[in-house]
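got a predicted structure plus its sequence, pasted below:
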Amino acid sequence: MNDSNSDSHEDAPKRDLYPNELAPTSGNREADPTLPWLAALDLNEVDPGLAERLTSAPESETFAKEVLVGNRILAVIFEGGHWYAMDGICAHQGGPIAEGHVADGCVTCPWHGWQYELATGKQTINQQPLQSVFPIRQNGSVIEVQMTE
């Protein structure tokens, strides 16, 4: 057994960080009156009639879309009658969160199955807040988010 304090990863090649890894994190979904609301997407541009379908059957409809707001990739998700915005890049290995399965208040990354609570960004196994979450609202057919950057 080697008692050396040297880190075996010191010689490993360094990887470039994802843009979301460089951005400030947030676990707060409460709106901040001092921050502007930023347009994330227009539902009618995604799919004409989508806003009406989500409104008419909010408990049974789900929707997820990856969007770029500023320089940040977000997953915008509608599930159970509520809107959610979270970091769109999986904390595990950078998978596309918005392409994952959405059910029961969670999203499952399609690459390796990591699951996150939509409301908190917590990873469901270890309950660590690994995904940033953001305030989100629907304004007509436009979905808006607040971010600190």
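Right, received. Where do you want to start? Numbering: from 1, shown residues only.

where do the strands sit along the protein?
Listed in chain order, the strands of the chain (DSSP state E) span residues 38-42, 63-69, 72-79, 82-87, 101-103, 106-108, 115-117, 133-134, 136-139, 142-145.

show me the one of these that comes nearest residue 51.
Of all those, strand 136-139 sits nearest to residue 51, with 7.7 Å by CB to CB. To be clear about C-beta, it is placed using only N, CA and C from the backbone, and glycine gets the same treatment.

from the contact counts, what lies against that closest one?
Packing contacts for strand 136-139, counted by 3 or more CB pairs under 8 Å, 6 or more residues apart in numbering; DSSP states H and E, involve strand 82-87, strand 142-145.

picking up where we left off before, export the strands of the chain to JSON lines and tack on mean pLDDT?
Shown next, in JSON lines, are these (pLDDT from 0 to 100):
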{"stretch": "strand 38-42", "mean pLDDT": "95"}
{"stretch": "strand 63-69", "mean pLDDT": "96"}
{"stretch": "strand 72-79", "mean pLDDT": "96"}
{"stretch": "strand 82-87", "mean pLDDT": "96"}
{"stretch": "strand 101-103", "mean pLDDT": "96"}
{"stretch": "strand 106-108", "mean pLDDT": "96"}
{"stretch": "strand 115-117", "mean pLDDT": "96"}
{"stretch": "strand 133-134", "mean pLDDT": "94"}
{"stretch": "strand 136-139", "mean pLDDT": "94"}
{"stretch": "strand 142-145", "mean pLDDT": "96"}
